[in-house]
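Chemist: Pasting the sequence and the predicted model now:
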Amino acid sequence: MSETAKLILGEETHELPVTIGAENERGLDISKLRGSTGCITIDRGFKNTGACYSAITYLDGENGVLRYRGYPIEQLAEKATFIEVAYLLIYGDLPSKERLQEFENNITQHTLVHEEMKGFLQAYPANAHPMGVLAAMVCSLSTFYPESQDPNRSQEAFDLSITRLIAKMPTLAAWAYKHSLRQPLIYPQNRFNYCENFLNMMFSMPTEEYFPNPVVLKALNKLLILHADHEQNCSASTVRIVGSSQANLYASVSAGVCALWGPLHGGANQAVIQMLEAIKEDGGDTEKWIAKAKDKEDPFRLMGFGHRVYKNFDPRARIIKEACNDVLDTLGIEDPVLDIAKKLEKVALDDEYFVERSLYPNVDFYSGIIYRALGIPPEMFTVMFSLGRLPGWIAQWKEMLDSKDPIGRPRQIYTGKTARDYVPVDER
Ligand code: SDX
């Protein structure tokens, strides 16, 4: 069923096609607007603008719905493995047992990085933020695989880049952490699965192997799944637009890591813990900090609250909050900032400022508390987000190329000086 919208501009009436999605979302197709009216649209932050057609993730902000390729996040988080979800997002369907085994084996065979890359790592100061290290190291991978830079590469080369990146990201992430501790790097082991390998590289020492608690492994798997994709968020849109110039996968994902680093996006999970710690140090007066968050003269924002799309509870936050209680109870950890987080949430959800603006806890509000319980330090939280979001970035990049989307190049409304003549410096 095709629909149209009428646009009245001055004396003229224009018809715009209406595109309808699988879940009945409606979009005004303005692809021919400038040609037929001379006008463009303007929408700072693209709050109302769709950039693409996508079949990867569906989210309904009003009803707190999130599905990967049609599967509810609640089922995947409970029953699937992260590598299984990565395959689902990238290739479109859950893999058969054989295909999953083959996918996992291929990943296992590519977890090592070139020895020369350790030289880059040594050059960073110990206090280098691991997101800066990760972004640079991911882009540096492209220099070891020149065939990945060929836009006309074969399907095998295309799939090999995907496998390599999924396999090497945990190694790069764990090595960034070990470097910050000035501890020896721990190499991946083929006997471990994805989560075991990552935790082993993070917490083992040459003198003593780390054996992860099954509760920790289960929680990590769940957290990675919950972060795996989120349709056209800031970092996914960055990966798509960088990839639209036919930049290679490593360069596109490196740009995504940089976009995620920002405290308004993936950097929020580190900012939440820093905020909760500050509130604890300040005596735990949640009312005072809620008032600061509401005060327009005060730049303070309640980190981990609010979302561009969810105007209801972020379904991921609900699952992470439950997992938080389970992990801390099972590990016997008393974390005072969890109590502060719960108090903040309760106070905020009863406060009309937050209710009026539909500001609810988002995925970042509780995730840092779990990461900390797993022994992961705050400066590594956004690296954990990157590890989880990698399959989503790859899926978005692949879909953009498969759809043959044009190079991204938005228009603008110019607000600068109109034409004027140059004045020699002696006459200014
Ligand atoms: C992620 O897009 C994604 O899907 C992202 C993500 C993913 O999986 O990829 O879900 C991951 O990035 C989660 C969000 C993490 N960021 C934070 O927790 C930082 C704190 N939150 C905010 O900065 C904010 O809520 C955003 C950035 C998340 C959303 O910002 P919007 O949609 O641009 O909304 P806005 O900034 O225009 O705010 C609307 C109103 C404003 O007040 P008024 O001008 O109407 O009076 O709400 C207020 C804002 O001041 N507001 C807040 C607030 N968030 C919004 N006030 C206090 N504390 C907050 N956290």
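Modeler: Thanks, I have it. Numbering: from 1, shown residues only.

Chemist: What separation do you get for residue 339 and residue 215?
Modeler: Remark: distance between residue 339 and residue 215 (CB to CB, to the nearest Å) = 21 Å. Yep, even glycine has a C-beta here, placed from its N, CA and C like the rest.

Chemist: Compare those two and say which one has the larger neighbour count.
Modeler: The neighbour count for residue 339 versus residue 215, taken as other CB atoms under 10 Å, is higher for residue 215 (16 against 13).

Chemist: just checking, the more buried one touches residue 330?
Modeler: Yes - at 4.6 Å, residue 215 and residue 330 qualify as touching, with contact defined as CB atoms under 8 Å.

Chemist: Can you spell out the domain ranges of the protein, please?
Modeler: Structural domains assigned to the chain are 4-50, 72-262+384-402, 268-373, following automatic domain parsing.

Chemist: Next to the ligand, which bits of this protein? Give me the list.
Modeler: Where the chain comes near the ligand, counting by CB under 6 Å from any ligand atom, the residues are 45, 230, 233-234, 264-266, 268, 293, 301-309, 357, 359, 362-364.

Chemist: What segments of the stretch 251-400 of the chain are helices?
Modeler: For the stretch 251-400 of the chain, helices defined by DSSP state H, counting those that start in this stretch occupy the ranges 268-281, 286-294, 315-331, 336-349, 352-356, 363-373, 381-402.

Chemist: Any idea which of the ones you listed gets closest to residue 18?
Modeler: For residue 18, the closest of the helices of the stretch 251-400 of the chain is helix 381-402, at 22.6 Å, according to CB to CB.

Chemist: That closest one: which residues count as buried?
Modeler: Neighbour-count burial for helix 381-402 flags 381-401 (criterion: 16 or more other CB atoms under 10 Å).

Chemist: how big is the angle separating that helix from helix 363-373?
Modeler: Angle of helix 381-402 versus helix 363-373, following axes from the mean of the first three to the mean of the last three CA atoms, to 10 degrees, is 130 degrees.

Chemist: Now do the buried residues in stretch 64-78.
Modeler: 64-69, 71, 73-74, 76-77.

Chemist: least trustworthy helix or strand in the chain by mean pLDDT?
Modeler: The weakest-scoring helix or strand in the chain, judged by mean pLDDT, DSSP states H and E, is helix 336-349 (a mean of 89).

Chemist: Smallest gap between this protein and the ligand, at which residue?
Modeler: Across the chain, no residue is closer to the ligand than residue 306, which sits at 2.3 Å (CB to the nearest ligand atom).

Chemist: count of neighbours near that residue?
Modeler: Counted with other CB under 10 Å, the neighbours of residue 306 add up to 22.

Chemist: Spit out the contact partners of it.
Modeler: By CB atoms under 8 Å, 6 or more residues apart in numbering, the contact list for residue 306 reads 357, 359-360, 362.

Chemist: Show me how to select, in PyMOL, the buried members of the residues you listed.
Modeler: Here is the PyMOL command that selects the buried residues among those (16+ other CB under 10 Å):
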select buried, resi 359+360+362
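
Chemist: export the contacts of residue 306 to a markdown table and tack on pLDDT?
Modeler: Output for the contacts of residue 306, formatted as a markdown table (pLDDT from 0 to 100):
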| residue | pLDDT |
| --- | --- |
| 357 | 92 |
| 359 | 92 |
| 360 | 90 |
| 362 | 91 |
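
Chemist: How much space separates residue 55 from residue 149?
Modeler: 27 Å.

Chemist: Could you do residue 303 as well?
Modeler: Per CB to CB, residue 303 is found 38 Å from residue 149.

Chemist: Tell me which of those two has more neighbours.
Modeler: residue 303 (23 against 16).

Chemist: That one - nearest residue in space that isn't next to it in sequence?
Modeler: With CB to CB, 6 or more residues apart in numbering as the criterion, residue 303 has its nearest non-adjacent residue at 4.1 Å, and that residue is residue 271.

Chemist: do the same with residue 275
Modeler: Distance criterion CB to CB, 6+ apart; nearest residue to residue 275, sequence neighbours excluded, is residue 303 at 4.8 Å.

Chemist: OK, contacts around the one you found?
Modeler: Under the criterion of CB under 8 Å, 6+ apart, the neighbours of residue 303 are 263, 268, 271-272, 274-275, 364-365.

Chemist: Check residue 411 too.
Modeler: The contact partners of residue 411, taken as CB under 8 Å, 6+ apart, are 34, 40.

Chemist: if you set the cut-off to 7 Å instead, what comes out?
Modeler: Listed by CB atoms under 7 Å, 6 or more residues apart in numbering, the contact set of residue 411 reads residue 40.

Chemist: if we can go back for a sec, which residues touch the least confident helix or strand of the chain?
Modeler: Outside helix 336-349, the residues within contact range by CB under 7 Å, 6+ apart are 273, 276-277, 279-280, 284, 286-287, 290, 302, 305, 324, 328, 354, 359, 361, 365-366, 369.

Chemist: CA atoms only for it, dumped as CSV, please.
Modeler: C-alpha atoms of helix 336-349 as CSV (Å, rounded to 0.1, in the frame of the first residue of the first chain):
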residue,chain,number,x,y,z
PRO,A,336,27.8,1.0,48.3
VAL,A,337,27.5,2.7,45.0
LEU,A,338,24.8,0.1,44.0
ASP,A,339,22.7,1.4,46.9
ILE,A,340,23.3,5.0,45.8
ALA,A,341,22.3,4.0,42.2
LYS,A,342,19.1,2.4,43.4
LYS,A,343,18.3,5.5,45.6
LEU,A,344,19.0,7.9,42.6
GLU,A,345,16.8,5.8,40.4
LYS,A,346,13.9,5.8,42.9
VAL,A,347,14.2,9.6,43.6
ALA,A,348,14.5,10.4,39.8
LEU,A,349,11.6,8.2,38.8
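
Chemist: tell me, how many neighbours does residue 237 end up with?
Modeler: 18.

Chemist: I'd guessed it sits against residue 52; true?
Modeler: No - with contact defined as CB atoms under 7 Å, residue 237 does not count as touching residue 52 (8.8 Å).

Chemist: Cheers, nothing more for now.
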